[in-house]
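J.: Using only what follows, build the 3D model:
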Amino acid sequence: MYAVVDIAGKQLKVDKGLRVTVPRLDFEEGSKQRFTDVLLVADDDAVQVGTPHVAGAVVEGTVVAHGRGEKIIIFKKKRRKKYRRRNGHRQDFTELVIDDIVTA
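T.: Prediction:
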């Protein structure tokens, strides 16, 4: 069984026991969360597609850790104009473990 769920603006295909990384969420580590924005639920032979969400479907997960991703370098240059700019960015993330997919 798998589901497509919208977490923090990202649509993810999740399965039970899967570890996923999403943009930073304001939850404490170790807390259990329920995500109700389930767009699709697929069992062995049955597929439920929501319009836009599947009624009664919930994805349950546990917050494992918060962290920061690798640094991304942004480099701008205009040739022959002595223009160079170097900037960097690190995105905050939250790591979740999917515990269960519950349907109505």
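J.: From V22, how far off is the nearest residue in space to R68 that is not next to it in sequence?
T.: By the measure of C-beta to C-beta, 6 or more residues apart in numbering, the closest residue to R68 outside its immediate chain neighbours is R90, 4.6 Å from it. No exception for glycine: its C-beta is placed from N, CA and C like everyone else's. Taken as C-beta to C-beta, to the nearest Å, the spacing of R90 relative to V22 amounts to 16 Å.
J.: cool, and L40?
T.: With distances defined as C-beta to C-beta, the gap from L40 to V22 amounts to 18 Å.
J.: is R85 in a bridge, and if so with what?
T.: With DSSP bridges applied, R85 shows beta-bridge pairing to K76.
J.: er, A65 actually
T.: Under the criterion used here (DSSP bridges), A65 is bridged to E95.
J.: Same drill for R90 and V22, tell me which one is more crowded.
T.: The residue with the greater number of neighbours, taking R90 and V22 and applying other C-beta atoms under 10 Å, is V22; the counts read 18 against 11.
J.: what's that one in contact with, if anything?
T.: Contacts of V22 were listed using C-beta atoms under 8 Å, 6 or more residues apart in numbering, and they are I7, A8, K10, L12, F93, T94, L96.
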